[in-house]
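*Asks:* Pasted the sequence and its predicted model underneath.
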Amino acid sequence: MTGAGRFEKVSEQQYIRDTQAYPEALNLQDIPMPARATRGSAGYDLVCPVEMEIAPGERKVMPTGLRVLLRPEWMLMLCPRSSLGRKWGLRLANTVGIVDSDYAEADNEGHILLVLEHSHSETVRIHRGERICQGIFLPVGLTEDDEASAPRRGGYGSTGT
């Protein structure tokens, strides 16, 4: 690997497990790989592979069908696209998502899952193929006395509450 990392698709079995609630999900092979829109774009756009309705005040998990393999001391920051809030009144429930360099070792194959939260007064429908967030690769700085050595023991949210 020469860059900070690379995107891959999760296995068919993992994708089926994580999209059971979405009968209109794209086939895994039809999910586009994240890409930058222009040469000046900082982020790689991730799309929604499912048809999804979100009611006011509701939170829903959106599976992406993707994982990212990262070099040590790099992370992927997931930021909402500006249209997510402006167009639909949606936001990422944790505001900004962080994918650690060892997340691909997780028990869910490192499947990138986004939790969307709805703040407007009407139900919105997100269509398959809509660009939802962007992933930005960033280096991770470590302190001189860093001694973290524990292996990853789980997937989404496993390093704390």
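*Replies:* Structure's in. What do you need? Numbering: from 1, shown residues only.

*Asks:* make it CA atoms for all contacts and neighbour counts henceforth
*Replies:* Noted.

*Asks:* Can you list the low-confidence ranges for the protein?
*Replies:* For the chain, residues meeting the criterion pLDDT under 70 lie at 1, 151-161.

*Asks:* counting contacts, what elements does the longest strand seen in the chain pack onto?
*Replies:* Ordering each strand of the chain by length in residues (DSSP state E) puts strand 131-139 first. Packing contacts for strand 131-139, counted by 3 or more CA pairs under 8 Å, 6 or more residues apart in numbering; DSSP states H and E, involve strand 44-47, strand 74-80.

*Asks:* Can you show me the helices along the chain?
*Replies:* 12-18, 82-88 (DSSP state H).

*Asks:* among those, which is nearest residue 106?
*Replies:* helix 12-18 (11.9 Å; CA to CA).

*Asks:* now what about that closest one, what contacts it?
*Replies:* For helix 12-18, the external contacting residues (CA atoms under 8 Å, 6 or more residues apart in numbering) are 28, 63, 65, 108, 109, 111.

*Asks:* Which among those residues count as buried?
*Replies:* Burial by neighbour count, 16 or more other CA atoms under 10 Å: within the contacts of helix 12-18 this picks out 28, 63, 65, 108, 109, 111.

*Asks:* In strands, which of these fall?
*Replies:* Here DSSP E is the test, and the buried ones among the contacts of helix 12-18 give residue 63 as lying in strands.

*Asks:* So which of the buried ones among the contacts of helix 12-18 is the closest to residue 133?
*Replies:* Of all the buried ones among the contacts of helix 12-18, residue 133 sits closest to residue 63, with 12.3 Å by CA to CA.

*Asks:* Return the residue spatially closest to the closest one, with its sequence-adjacent residues excluded.
*Replies:* Of all residues not flanking residue 63 in the chain, residue 113 sits nearest, at 4.6 Å (CA to CA, 6 or more residues apart in numbering).
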